[in-house]
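> Sharing a model that was predicted from the sequence below.
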Amino acid sequence: MLVHIDRPNLALLRGADYPGIVLMALFLGCLQYTLEEGPRWDRFGDDTIPTTAWISAIAGVRLCLAQPGLCSTHCRFACAQTPKFFARLLLLLRHQDRDLGPIYLTPLFLGRVRGFSSQEIGFAVFSTGVFQVLAIPV
């Protein structure tokens with residue numbers, strides 16, 4: 001009752017980029033499944049993991065080709081981050097990525113071992129994000 005909510009403008013749905021949304025969902029969803037479930041299913045020992053990896057790769061390339069503004073607008077950033085992405089991906093595939101502690105293992109530890117709620121985990125790891133945000137202008 002206290003929040004004023006505008007009425008939806010359903011005419012905006014006609015101008016949405018539905019193929020781009022589907023490609024992005026395929027790209028990110030299959031990539032996440034490949035990276036998370038790969039170790040459980042012996043990476044490429046199961047037929048599902050290579051299939052999702054190929055779907056992700058094809059959808060990602062198609063998304064970049066279909067969205068010229070996506071790649072050209074942030075070209076410098078993309079060029080700087082691409083080698084880092086592939087290096088991290090290779091390390092992750094070889095189980096040698098030592099940087100997963102603060103990113104993945106700490107929230108997992110806090111949730112499963114210490115019994116923290118999602119909000120408590122967020123507050124616990126909030127400090128790492130704050131310092132990164134403060135370092136952006138520098």
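Here it is on my side, so go on.
> from here on, contacts and neighbour counts on C-alpha atoms
Will do.
> Can you name the residues in contact with stretch 40-57?
Surrounding stretch 40-57, the residues in contact under the criterion CA atoms under 8 Å, 6 or more residues apart in numbering are 26-31, 33-34, 37-38.
> Assign a three-state SS to the spatially most central residue of the chain, would you?
The centre of the chain sits closest to residue 28, judged by CA atoms, centre = their mean, with a distance of 6.5 Å. Classification of residue 28 by DSSP: H, G, I helix; E, B strand; the rest coil places it in helix.
> Give me the PyMOL select line for the contacts of stretch 40-57, limited to the buried ones.
Restricted to buried positions by 16 or more other CA atoms under 10 Å, the PyMOL selection for these reads:
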select buried, resi 26+27+28+30+31+34+38
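> what would the contacts of stretch 40-57 look like in a markdown table with distance to residue 113?
Output for the contacts of stretch 40-57, formatted as a markdown table (distance: CA to CA, whole Å):
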| residue | distance to residue 113 |
| --- | --- |
| 26 | 33 |
| 27 | 32 |
| 28 | 29 |
| 29 | 28 |
| 30 | 29 |
| 31 | 28 |
| 33 | 24 |
| 34 | 26 |
| 37 | 22 |
| 38 | 24 |
